[in-house]
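**Student:** Could you work out the structure for the sequence below:
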Amino acid sequence: MTDTLEEPDELACRLKRGDREALATLFAEHRDRLWRMVNFRMDRRLTGRVDPDDVLQEAYLAAASRLEHYGDGSFSPFVWLRMILMQTLTDVHRHHLGTQMRDADREVGVGGCRYPQTTSASLAAQFVGHFTSPSRAAVRAEMLGLVEQAVAAMEPLDQEVLALRHFEELTNREVAEILGIQQKAASIRYVRAIKRLRGVLSQVPGFFEGSQDA
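**Tutor:** You can find the predicted model right below:
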């Protein structure tokens with residue numbers, strides 16, 4: 001399938017010319033990735049109230065309205081589209097939650113755009129849900145607390161690198177571009193964060209055995 005994808009440089013040139021078909025191509029190529037991002041980043045209080053597909057549609061319309069400004073920045077096509085999606089998600093959060101957001105409204109600034117930063121609690125829940133069997137409730141609860149403490153102790157940037165690489169499944173190059181850091185720095189932060197989590201989780205009896213059964 002990857003052989004059919006258009007080269008990023010060629011797509012970028014078309015976007016700079018305001019080619020709406022190029023935008024449609026970009027969106028179609030990355031729709032699954034974008035949906036995964038919305039599902040991961042959206043506040044759980046909106047489950048059942050907001051359809052991720054509706055967020056994607058709003059983001060697409062927003063991108064279409066900003067297409068003439070694509071050439072103003074230096075972002076790759078996917079990163080540019082993702083930034084618009086995250087801003088759209090921020091607007092959705094504010095519309096539905098308003099003052100209820102508080103701590104959940106922490107944001108990260110990237111290229112003048114701000115979007116929701118994943119909290120330590122949501123990251124911990126994702127890790128425990130991803131690696132453990134739901135049938136082991138007692139162990140799961142213990143791990144959730146340990147993982148949340150480990151993630152909360154990390155620098156916000158490290159938390160974000162962890163979220164981008166591990167759950168959004170972005171490449172190291174994309175993470176570096178999104179956060180405005182060097183690729184080497186992004187790689188070092190990711191390895192360091194994973195190592196720290198593994199150290200914490202290794203203290204929980206049966207964790208890694210249980211993760212293989214999940």
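**Student:** What ranges in this structure fall below the confidence cut-off?
**Tutor:** 1-6, 99-119, 130-139, 203-214 (pLDDT under 70).
**Student:** Let me see the ranges of the helices in it.
**Tutor:** 8-16, 20-41, 52-66, 77-97, 120-131, 137-152, 156-162, 172-179, 183-201, 207-213 (DSSP state H).
**Student:** Need those in JSON lines (columns: mean neighbour count).
**Tutor:** (Each C-beta comes from the backbone N, C-alpha and C, glycine too.) Compiled in JSON lines, these are given as follows (neighbours: other C-beta atoms under 10 Å):
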{"stretch": "helix 8-16", "mean neighbour count": "16"}
{"stretch": "helix 20-41", "mean neighbour count": "17"}
{"stretch": "helix 52-66", "mean neighbour count": "16"}
{"stretch": "helix 77-97", "mean neighbour count": "20"}
{"stretch": "helix 120-131", "mean neighbour count": "18"}
{"stretch": "helix 137-152", "mean neighbour count": "16"}
{"stretch": "helix 156-162", "mean neighbour count": "20"}
{"stretch": "helix 172-179", "mean neighbour count": "20"}
{"stretch": "helix 183-201", "mean neighbour count": "16"}
{"stretch": "helix 207-213", "mean neighbour count": "14"}
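**Student:** the domain parsing of this protein - what is it?
**Tutor:** 1-117, 119-209 (automatic domain parsing).
**Student:** Pull the contacting residues for the closest residue to residue 55 other than its chain neighbours.
**Tutor:** The shortest distance from residue 55 to any non-neighbouring residue, by C-beta to C-beta, 6 or more residues apart in numbering, is to residue 38 (5.0 Å). Residues near residue 38 by C-beta atoms under 8 Å, 6 or more residues apart in numbering: 52, 55, 56, 85, 89.
**Student:** Would you check that residue 96 makes contact with residue 48?
**Tutor:** No - using C-beta atoms under 8 Å as the test, residue 96 is too far from residue 48 to be in contact (11.5 Å).
**Student:** Make TSV out of the contacts of residue 38 and add distance to residue 13.
**Tutor:** Compiled in TSV, the contacts of residue 38 are given as follows (distance: C-beta to C-beta, whole Å):
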residue	distance to residue 13
52	30
55	28
56	25
85	22
89	28
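**Student:** nearest to residue 140, of those?
**Tutor:** residue 52 (25.5 Å; C-beta to C-beta).
**Student:** Thanks again, I'm all set now.
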